[in-house]
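my questions concern the predicted model and sequence given below.
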Amino acid sequence: MPFRGVVFDMDGTIFDASGSIARSLNETLKRLGYEPFSFEELKEMAGMNLYEILGRRVGEYEMARAVEIYREIQYTTFMDDTRFFPGAREGLEKLHGAGVRLGLFTMRKTESAEILLSHFGIRGLFGAVVGYDDAPVPKPDGEHLLHVISLLGVERDDTVVVGDTVFDIKSGVDAGVRAIGVLWGLGAREELLGAGAWRVVGSWDELVDVILSVE
């Protein structure tokens with residue numbers, strides 16, 4: 001039987017939003033007079049929430065203003081440089097059409113994820129969307145993933161989690177849920193397998209095939 005539920009990471013798995021996020025972060029820092037992040041710094045911080053990332057530069061007394069600036073930039077310009085990864089929309093539609101229940105867990109705020117999914121016309125494919133702010137404990141703790149699974153109304157043995165970073169894989173391991181790592185985001189095959197990935201795939205077509213033809 002194929003999986004009855006799939007919980008996806010969003011950025012780096014469904015959407016290529018790395019340029020949009022980096023631009024919004026560095027424009028925020030520029031407006032406040034701070035040094036921008038390098039590519040290496042941004043990659044190192046993958047999986048952290050916005051407060052943790054901005055906290056690498058911004059003092060606590062300016063954090064609220066920094067977050068306000070970031071969200072103003074991101075919410076009004078993300079459509080300029082955020083794109084589906086090849087095959088993502090079609091893959092999600094195929095899984096949904098096959099009766100698989102889809103969920104999403106992300107280190108964005110739930111509101112931010114909802115805006116992005118709605119803009120690209122796929123919010124209706126997901127039975128549950130949970131950002132870090134609505135999670136009991138955010139990933140890589142398994143509670144974030146288990147919360148989404150409970151909202152979907154499926155069993156964890158019938159569910160797989162999909163993501164591009166070790167944080168996503170570790171969430172699956174912590175929750176006792178099989179995890180599939182994808183190679184079109186930030187993660188490399190060796191590190192995803194080392195974190196405990198059940199499978200690693202190189203395309204959305206391969207991902208869908210694995211999910212629908214699980215042994």
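Cool, got the structure.

so what touches the helix or strand bottoming out on mean pLDDT in the chain?
When each helix and strand of the chain is scored by mean pLDDT, DSSP states H and E, helix 39-44 comes last, with a mean of 89. Residues outside helix 39-44 that contact it (Cβ atoms under 8 Å, 6 or more residues apart in numbering) are 18, 21-22, 25, 56, 186. Where C-beta positions appear, they are placed from N, C-alpha and C, glycine not excepted.

looking at those, which has the most residues close by?
Using other Cβ atoms under 10 Å as the neighbour criterion, residue 25 leads the contacts of helix 39-44 with 24 neighbours.

quick check: the gap between that residue and residue 109.
Distance of residue 25 to residue 109, computed by Cβ to Cβ, to the nearest Å: 15 Å.

related to what we said a few turns ago, quick check: buried residues in the least confident helix or strand of the chain?
For helix 39-44, burial by neighbour count (16 or more other Cβ atoms under 10 Å) applies to residue 42.

who's sitting farthest from the centroid in this protein?
The C-alpha centroid of the chain is most remote from residue 33, which lies 29.3 Å away (Cα atoms, centre = their mean).

tally of neighbours for residue 121?
By the criterion of other Cβ under 10 Å, residue 121 has 9 neighbours.

quick one: low-confidence residue ranges for this structure.
Low-confidence segments of the chain, defined by pLDDT under 70: 1, 214-215.

start and end of stretch 83-92, how far apart?
15 Å (Cα to Cα, to the nearest Å).

for stretch 35-48, same thing?
End-to-end distance for stretch 35-48, by Cα to Cα: 19 Å.

what of stretch 48-61?
In terms of Cα to Cα, the two terminal residues of stretch 48-61 are separated by 20 Å.
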